[in-house]
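*Asks:* With the sequence up front, the predicted model follows.
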Amino acid sequence: MKLKNKRKEDEKTTKLCIIGEDIRQYEFLISGIAEEYGKDFHVDNLALYDADKEKKVIMARWTERFLRHRNYRTKLTVGSDVGEAISDSDFVITVNRAGGNESRRIDEHIAFKHGVVGAEQTGPGGTINAIRAIHLEMKYAKIAEHAAPDAWWINYTNPASFVAEALQRFTKIKSIGQCSLWPERMASIAWDFGLDYERIRDLFPRIKTVLFGSNQNLWVKEVYVDGRKVTKEWIKKLNMRERETKETYYGLNPADEKIALRNLLGMDTLWYILGSMFFAKCELDEWEKTGKSRSDYVIPLEKKHFEEASNPDIVDVSPSVWERSGVKNLQSALLEKKFGLKRPLTPSDLKEGYNLAAPSVMNAIINNTGENLVCQIQNRGAVDGIEDYMTQEVLCHIDKKGPHPLPVGEIPISVRGIVLSAAYWQSLTVEAAVEGSYDKALSALLNCPHIQHVDKFNVSKQILDEYLEVHKEHLPEFTSESGHYP
C-alpha cells in the first residue's frame, strides 16, 4: 500500500474488507470512516463478508444508502467467498460474533445456574466466547496470510484483547486489537477539565493516558492534559461526578464503591471489575427473580437492528443501534447538558467510540501521522512484569509501520495480583483455543479474577464441561493430558 498525505487519482487505491455481523459496531464504524475521517483518507473498495447471507445483504444495502446519502463513493462488493473478500485488502476489520447472541445467552445462563457471573467478556462466558471467537478468527487470518499478506488486521471482535493476542502470537498477519472505550473516556476527561474542542479526535494529542491491562481488566495509571499531570485531580473530579450521579445498578447506586476503590488504589478502572467485585450478588438475585440475563435483552434488539437496517428509508444509524448504546431518543439525548462540555452534544459524542477507534488507526498508518492512540498489542517490554508475548491495552505511537507500545513501567503493587491473574487468564484461554487443550481452558478459568466461588475448581470444571458439550460446532476438538476430560 502506498502511503500518502493527500489522495490523488494516480495513487494506489485502498481496499477495506469488513468481516462479521455485529451491526452495532458495524454501523458506527462505517459512519466514522465516512463522516469523521472522510477528508483524511478514502476507502475506494469496500468488501463485506459474513457467513449469514441474509444479514450480509441487509448490511450491504444499508451501507449503500448511508454512503450515497453522504456522497461517499466507493466500490461496494458483497463476498460469497471469504478469500475473495480478503484478497489484496489493505485493511481487514472484524466484527464477528461466533455462534451469535444465542450462544452468548447459553453462556450466561449456564454460568448463572452455577452461581457465577460471566457475560460475553468476563468470567466463564468471556472465556468460552473467546475460544469460539479465536477458533473462527484464526481460520480467516490463515486465509489472509496468503490472500492479503501486507494487510493490517484490526480486530473489534470481543473479547478483543483475547482475539488480538491469538492473532499476534499464532499468525503471520499484522494485527492490532481495538476497544471503543478510550475515545469516549477522553471526552469525559475533557469535560472534567473544561477543554474546548469540536471533535473528540481533536483531543488525541491533548490528553495522554498511561494505562495497562486487557479490555476487561484495564487500569489507568496516569492522566496528562495538555502536558500537565492531573491524575489526582482527575480522580477527585470523577468522585465528585460520581456522588452527583443518579444512575443505578440493579436498584443500587454504586458511587460509594467506585469512590472507595479509586481512593484506595489512586487509579481508575473499568466497571467490569467493580461490578464483579461488588455487585455479583445483585446480578445473581436478578437471575433468580427473572431467569434472564443481559443477552435476553440484546437478542430482540439485534433482531430490531436488522429490521430497521432493511428499511429503505433509513439512511443513518438505525434507531435501535442508538438504543443499544443507551440512547433511547437521539434528539432528546442531544439536548442533555454534560458537565464541563462547552458546546452542544453531537451524534458523534454518543457513538461509544466505535466511529473513531479503528478509523483513527487506519488514518495514522495511511498518513503516517505519528499519533499516540490506545491499542491492544504485544507487550514488548511496555509493562514491567508482563511477558513480552502477552497482549496488553496500552498507549501506542502509530506511524506507517504500525503501533509501537509506549513505556508504562511498573504495575502498582495494589493491583499487581489482579493484573497478573487476568493476563494469565487471557493467555491460557488463547492457548486453549489454539491447541484445543482442555487443561489450559480449565486453568484459564481458575486464573480468571471475575469468578468468585467458594468451590471454584469444581464449579469451573462443571461449567466448562457444559460449554464444550453445547457449543461443539463452534469449537476446536478438545483433548486432555490430565485425564479430567472427557
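*Replies:* Here it is on my side, so go on.
*Asks:* For the longest helix belonging to the chain, list every residue counted as buried.
*Replies:* If you go by DSSP state H, the chain has its longest helix at helix 123-147. Within helix 123-147, the residues scored as buried using 16 or more other Cβ atoms under 10 Å are 123-138, 140-141, 143-144, 147. Yep, even glycine has a C-beta here, placed from its N, CA and C like the rest.
*Asks:* if I pick His135, what's in contact with it?
*Replies:* By Cβ atoms under 8 Å, 6 or more residues apart in numbering, the contact set of His135 is Ala98, Ala433, His474, Leu475, Pro476.
*Asks:* Out of these, which sit inside helices?
*Replies:* Ala433.
*Asks:* model confidence over stretch 312-330, on average?
*Replies:* On average, the pLDDT along stretch 312-330 is 90.
*Asks:* which residues are in contact with it?
*Replies:* 23-24, 27-28, 31, 61-62, 65-66, 68-69, 298, 301, 304-305, 308-309, 333, 347, 350-352.
*Asks:* Enumerate the strands of the stretch 201-350 of the chain by residue range, in sequence order.
*Replies:* With strands called from DSSP state E, counting those that start in this stretch, the stretch 201-350 of the chain shows them at 207-214, 217-225, 228-229, 268-269.
*Asks:* residue closest to the middle of this protein?
*Replies:* Central residue of the chain (Cα atoms, centre = their mean): Cys179, 3.4 Å from the mean position.
*Asks:* Touching, Leu356 and Glu36? I think so.
*Replies:* Yes: the pair Leu356 / Glu36 is scored as a contact, 6.1 Å apart, by Cβ atoms under 8 Å.
*Asks:* Quick check: next helix or strand after the strand or helix carrying Arg61?
*Replies:* Per DSSP states H and E, Arg61 falls inside helix 53-69. Next helix or strand after helix 53-69 toward the C-terminus (DSSP H and E): strand 75-78.
*Asks:* Now the very next helix or strand once past that next one: buried residues?
*Replies:* Sequence-wise, the next helix or strand downstream of strand 75-78 (DSSP H and E) is helix 82-86. Applying a neighbour-count criterion of 16+ other Cβ under 10 Å, one finds Val82, Ala85, Ile86 buried in helix 82-86.
*Asks:* if we can go back for a sec, and the contacts of the next helix or strand after the longest helix of the chain?
*Replies:* Next helix or strand after helix 123-147 toward the C-terminus (DSSP H and E): strand 152-155. Taking contacts as Cβ under 8 Å, 6+ apart, the residues outside strand 152-155 that touch it are 90-94, 137, 141, 144, 163-164, 167, 173-178, 358, 361-362, 365, 376, 402.
*Asks:* please redo it, this time with the cut-off set to 6 Å
*Replies:* By Cβ atoms under 6 Å, 6 or more residues apart in numbering, the surrounding residues in contact with strand 152-155 are 91-94, 163-164, 173-178, 358.
*Asks:* for that strand, what is the average pLDDT?
*Replies:* For strand 152-155, the per-residue pLDDT averages 98.
*Asks:* buried residues in the helix holding Arg61?
*Replies:* Under the neighbour-count criterion of 16+ other Cβ under 10 Å, helix 53-69 has Lys55, Lys56, Ile58, Met59, Ala60, Arg61, Trp62, Thr63, Arg65, Phe66, Leu67 buried.
*Asks:* On the strand side of things, show who the nearest residue to Ala382 once chain neighbours are set aside bridges to.
*Replies:* Using Cβ to Cβ, 6 or more residues apart in numbering and skipping the chain neighbours, the partner closest in space to Ala382 is Pro405 (3.9 Å). Applying DSSP bridges to Pro405 gives these bridge partners: Cys396.
*Asks:* Let me know how buried Pro405 is, in neighbour terms.
*Replies:* 20 (other Cβ atoms under 10 Å).
*Asks:* Can you add pLDDT and distance to Val223 and give the buried residues of helix 82-86 back as JSON lines?
*Replies:* Below are the buried residues of helix 82-86 laid out as JSON lines (pLDDT from 0 to 100; distance: Cβ to Cβ, whole Å):
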{"residue": "Val82", "pLDDT": "96", "distance to Val223": "41"}
{"residue": "Ala85", "pLDDT": "97", "distance to Val223": "40"}
{"residue": "Ile86", "pLDDT": "97", "distance to Val223": "39"}
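*Asks:* would you list the residues you listed in CSV and tack on distance to Glu233?
*Replies:* Listed next are these as CSV, based on distance: Cβ to Cβ, whole Å:
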residue, distance to Glu233
Val82, 49
Ala85, 48
Ile86, 47
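*Asks:* Asn458 is in what secondary structure piece?
*Replies:* Using DSSP H and E, Asn458 maps to helix 456-470.
*Asks:* One more: Gln376?
*Replies:* Gln376 belongs to strand 371-378, assigned by DSSP H and E.
*Asks:* From the contact counts, what lies against that strand?
*Replies:* Strand 371-378 is packed against helix 160-170, strand 391-399, strand 402-405, with contacts defined by 3 or more Cβ pairs under 6 Å, 6 or more residues apart in numbering; DSSP states H and E.
*Asks:* how does it look with 8 Å?
*Replies:* On a contact count with 3 or more Cβ pairs under 8 Å, 6 or more residues apart in numbering; DSSP states H and E, strand 371-378 meets helix 160-170, strand 174-177, helix 181-192, strand 207-214, helix 357-366, strand 391-399, strand 402-405.
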